[in-house]
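Asks: Structure here, sequence nowhere to be found:
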């Protein structure tokens, strides 16, 4: 791991969020299944991400404005960047995303790239669903995908903690 990478753990309604980044930008945002210790201090390079995620969970933020440090193939980066075109509170399908990228036959490759999205919530792969409307796989768990979609629809959430 690069020595200048900093990590912070914050509590969210769907679990502990691990944020990694450096002066080059945020390199990972993921929700953990284990109970990591919540960080007592937040590195300056990660403060904006923490603040924006807190705003998102309070329903005060719909769009993230962060410098992201993409690490992936050119195709993955293209797929991840296309996620920003899905409006808050809306969904699209993997097929529509593949068509948007110019090749509907790439549907499986698009789904695989979404599954490797290192910027969960920030780049909203939770807004991509099956063509039939099903909540297909989500790296952080389908229940979290459902929670995030309901959160964006304004449904009342019960506290998990």
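Replies: Now that the structure is in, tell me what you want to look at. None of the values given here were measured: they were computed from a predicted structure.
Asks: start to end distance for stretch 91-102?
Replies: Start and end residues of stretch 91-102 are separated by 19 Å (CA to CA, to the nearest Å).
Asks: What residues sit buried inside stretch 70-83?
Replies: Of all the residues in stretch 70-83, those buried under the rule 16 or more other CB atoms under 10 Å are 70, 76, 79-80, 82-83. Quick note: C-beta positions are derived from backbone N, CA and C, even for glycine.
Asks: Need the contact partners of stretch 51-66.
Replies: By CB atoms under 8 Å, 6 or more residues apart in numbering, the surrounding residues in contact with stretch 51-66 are 10, 12-13, 17, 19, 25-26, 29, 48-49, 88-89, 121-122, 151, 154.
Asks: Apply 7 Å and report the result again.
Replies: Here stretch 51-66 makes contact (CB atoms under 7 Å, 6 or more residues apart in numbering) with 10, 12-13, 17, 26, 48-49, 88, 121-122.
Asks: Next: stretch 29-42.
Replies: 8-12, 14-19, 49-50, 119-122, 140, 144.
Asks: and the helix or strand hosting residue 78, average pLDDT?
Replies: Using DSSP states H and E, residue 78 sits within helix 74-82. On average, the pLDDT along helix 74-82 is 97.
Asks: Find out how far it is from the centre of the chain, if you would.
Replies: 14 Å (CA atoms, centre = their mean, to the nearest Å).
Asks: Out of the contacts of stretch 51-66, list just those in strands.
Replies: Per DSSP state E, strands hold the following members of the contacts of stretch 51-66: 10, 12, 17, 26.
Asks: Can you tell me how far the residue nearest to the spatial centre of the chain is from residue 114?
Replies: Nearest to the mean C-alpha position of the chain, by CA atoms, centre = their mean, lies residue 120 at 1.7 Å. From residue 120 over to residue 114 the distance is 10 Å, taken as CB to CB, to the nearest Å.
Asks: Residue 53 too?
Replies: 20 Å.
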